[in-house]
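K.L.:
Pasting the sequence and the predicted model now:
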Number of protein chains: 2
Amino acid sequence: IVPIEWKDGKLRWIDVTSLPWEERYVESSDIYRVAEAIKRLEIRGAPAIGVTTALAVAMVAYNSPNNKDEMMKNIEKAVEILSHTRPTAYNLFWALNIMKKTFYESIDLSPQEIKEKLLSKALKIQIEDIKNNLKMGEIGEKLIQDGDTILTHCNTGSLATAGHGTALGVIKTAWKNGKKIKVIATETRPLLQGARLTAWELKKEGIPFKLITDNMVGIVMMKEMVHKVFVGADRILRTGHVINKIGTYGIAVLASYHKIPFYAVAPTSTFDLTTSPEDVIIENRDESEVTTVLNKLRIAPEGTSAYNFAFDMTPPELVSGIVTEKGIVEKDYESNIKKLFE
Amino acid sequence: IVPIEWKDGKLRWIDVTSLPWEERYVESSDIYRVAEAIKRLEIRGAPAIGVTTALAVAMVAYNSPNNKDEMMKNIEKAVEILSHTRPTAYNLFWALNIMKKTFYESIDLSPQEIKEKLLSKALKIQIEDIKNNLKMGEIGEKLIQDGDTILTHCNTGSLATAGHGTALGVIKTAWKNGKKIKVIATETRPLLQGARLTAWELKKEGIPFKLITDNMVGIVMMKEMVHKVFVGADRILRTGHVINKIGTYGIAVLASYHKIPFYAVAPTSTFDLTTSPEDVIIENRDESEVTTVLNKLRIAPEGTSAYNFAFDMTPPELVSGIVTEKGIVEKDYESNIKKLFE
């Protein structure tokens, strides 16, 4: 599965909101349409968002006239539009910064050369993401024993990245390396990425799994049915705080209570070394995501108001380790994360 | 709202599976239909199940010919059918035992007198449940301060009892006594009793509330948005273990982690003084409840397998107190619960 592709001046992506009912692909060269796809979660998962925004900036340059002023205006506008799609996923800002830097470093080249530079940088970001995922898979799978049951949350597979996946990538690598593992996947309300996407990927891989509602994490841990937890991340701070899909924090507290190892898996492009825990913006999404199921079924009386925090923050003391493409980071996070970037 | 009513030899109940979309009432004098209503969760909530089974036994006797042998056969059959509807809710077995005892104690009376005895006993159970709920409301609301935000799980209101409610009854009493409280209600997957029923009751009462998905409990506690947790119970053991709707245990662990008081509210008819924690039967319900939403919307790929534990067990060390109609039970539970029944 390649969730996002460069198609000669256009982007082509699988609209994951249509899964598992239908495999629907969308093609567009319109930056507003790409931004909408990110906002609507047709494309989601921090690494996939990062790759998409890089490709989108390259696309805007590619389709600009061979006039640097106009190209610059288009790129600045694209960066502006994309930066307002989703506030929490760090890879988005990481990718936008790289693309802007690449543009301004190439400013003395010809328009055609600038287009090529931007496109090759964006494609490199995409390829690097897959490579990093495969590397994290091999590094992380060493934490998994034959026979383990792994609990995972949300979707962190091919559909959340440029390919393979982060936490789900580790699970896939363990399976491919012959470890007889089982997975427990949380459905992940409100948008059910676990039930819709993780179940879909695990089925394709042939990895045995059971789906649970989010509120069954406690009982499966109490019954000693879970050996390890692997989750992804939308942003990791220099302090080791892991910002990830809503519900991650509750799972981490339960894992700690049951002395079950809890690992986050994320490439270094997810690490935000400047923001403090108290300054992280947690995206609030529309109440209708909670009062309905996928806007297909209303489940609460008319007029019901809801909170809809899309992410939460797990403090470092609950995290057993962070798997990156550069190795596993353990406590003390503040100093070990610093080393990772030296 | 009266969820279940005696109607001259028939039972009439509101089918809560139709809420909040429709207020559908069902009338039947068929014991199989009543048993089906309990299995299908048209009638649910441990106290409501207890009241229903008592009325159902009275109904079977009432509609029997004036022949003691036949009446006995019918009652024994009804008890047998009802006892196999749901394994976890203790009030069901409590009510069946009372009704059987009442029958055998009246065995020397005339058939007509036996019918009257059974009916008056069942109606007494129903009235006592409402009275107990009102009492628990007054006792429990003293734990609530003006301005508190209370988190509650599942539905424990009028629709789960003979009227008023247990945990939601405490919340209603606090509100009626003028305390300006707010409620955070968990949606309670898989069957969404929080989103469908608690939201419906809170709206009717005019109590301000917000709905959350089950996996948002962590973040609202971390953000210090919750002052106290009140939940109901399907069975409470002599050790103080609280068996309640799936997800309760996870909420209790999170409440303890955040030092937020966690109270269970249940009448003494919910207390099971004989079963040990390791012997409690946790009902496993059909996987389709998890792989779909209310059988209206499939959310996981075809062939997805799921766990569906309907309840979990919260150990006494996580419980700040148990509100009963006889007062608030605190640690040490084993000895204090014993005193409650002396």
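P.N.:
The structure has been received and is ready for your questions. These figures come from a predicted structure and were not determined experimentally.

K.L.:
only C-alpha atoms for contact and neighbour calcs from this point on.
P.N.:
Noted.

K.L.:
where do the strands sit along the stretch 101-250 of chain A?
P.N.:
With DSSP state E, counting those that start in this stretch, the ranges of strands along the stretch 101-250 of chain A come out as A:149-152, A:182-186, A:209-212, A:228-231, A:235-237, A:242-245.

K.L.:
Output those as JSON lines; include the columns mean pLDDT, mean neighbour count and distance to residue A:282.
P.N.:
Output for the strands of the stretch 101-250 of chain A, formatted as JSON lines (pLDDT from 0 to 100; neighbours: other Cα atoms under 10 Å in any protein chain shown; distance: least, Cα to Cα, whole Å):
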{"stretch": "strand A:149-152", "mean pLDDT": "98", "mean neighbour count": "24", "distance to residue A:282": "21"}
{"stretch": "strand A:182-186", "mean pLDDT": "98", "mean neighbour count": "24", "distance to residue A:282": "21"}
{"stretch": "strand A:209-212", "mean pLDDT": "98", "mean neighbour count": "23", "distance to residue A:282": "25"}
{"stretch": "strand A:228-231", "mean pLDDT": "98", "mean neighbour count": "24", "distance to residue A:282": "18"}
{"stretch": "strand A:235-237", "mean pLDDT": "98", "mean neighbour count": "26", "distance to residue A:282": "11"}
{"stretch": "strand A:242-245", "mean pLDDT": "98", "mean neighbour count": "28", "distance to residue A:282": "9"}
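
K.L.:
Compute the distance between the residue lying closest to residue A:275 once chain neighbours are set aside and residue A:185, please.
P.N.:
The shortest distance from residue A:275 to any non-neighbouring residue, by Cα to Cα, 6 or more residues apart in numbering or on different chains, is to residue A:237 (6.8 Å). Residue A:237 is 26 Å from residue A:185, where distance means Cα to Cα, to the nearest Å.

K.L.:
do residue A:152 as well
P.N.:
5 Å.

K.L.:
Repeat that for residue A:111.
P.N.:
For residue A:111 relative to residue A:185 (Cα to Cα), the value is 48 Å.

K.L.:
Same question for residue A:176.
P.N.:
For residue A:176 relative to residue A:185 (Cα to Cα), the value is 19 Å.

K.L.:
Please apply the same query to residue A:131.
P.N.:
25 Å.

K.L.:
Does residue A:282 touch residue A:88 like I think?
P.N.:
Yes: between residue A:282 and residue A:88 there is a contact under Cα atoms under 8 Å: 6.0 Å.

K.L.:
Now do the shared contacts for those two.
P.N.:
residue A:311 (Cα atoms under 8 Å, 6 or more residues apart in numbering or on different chains).

K.L.:
and residue A:105, how many neighbours?
P.N.:
Using other Cα atoms under 10 Å in any protein chain shown, residue A:105 has 12 other residues around it.

K.L.:
Check residue A:206 too.
P.N.:
Using other Cα under 10 Å, residue A:206 has 11 neighbouring residues.

K.L.:
Torsion angles phi and psi at it?
P.N.:
phi 80, psi 20 (degrees, to the nearest 10).

K.L.:
ok, it to residue A:161 distance?
P.N.:
Residue A:206 is 20 Å from residue A:161, by Cα to Cα.

K.L.:
Could you do residue A:293 as well?
P.N.:
25 Å.

K.L.:
okay, the two: which has more neighbours?
P.N.:
Between residue A:293 and residue A:161, residue A:161 has the larger neighbour count (other Cα under 10 Å), namely 29 against 19.

K.L.:
Touching, residue A:323 and residue A:263? I think so.
P.N.:
Yes: the pair residue A:323 / residue A:263 is scored as a contact, 7.1 Å apart, by Cα under 8 Å.

K.L.:
Compare the two and say which is more crowded by neighbours.
P.N.:
Neighbour count, other Cα under 10 Å: between residue A:323 and residue A:263, residue A:323 has more, with 28 against 25.

K.L.:
The residue nearest to that one when sequence neighbours are not counted - how many residues pack around it?
P.N.:
Of all residues not flanking residue A:323 in the chain, residue A:265 sits nearest, at 4.6 Å (Cα to Cα, 6+ apart). Neighbourhood size, residue A:265 [other Cα under 10 Å]: 28.

K.L.:
Quick check: residues of the stretch 51-200 of chain A near chain B?
P.N.:
Within the stretch 51-200 of chain A, the positions adjacent to chain B are A:188-190, A:192, A:195-196, A:199-200 by Cα under 8 Å from any Cα of the partner chain.

K.L.:
Quick check: helices, which of those are part of them?
P.N.:
A:199-200 (DSSP state H).
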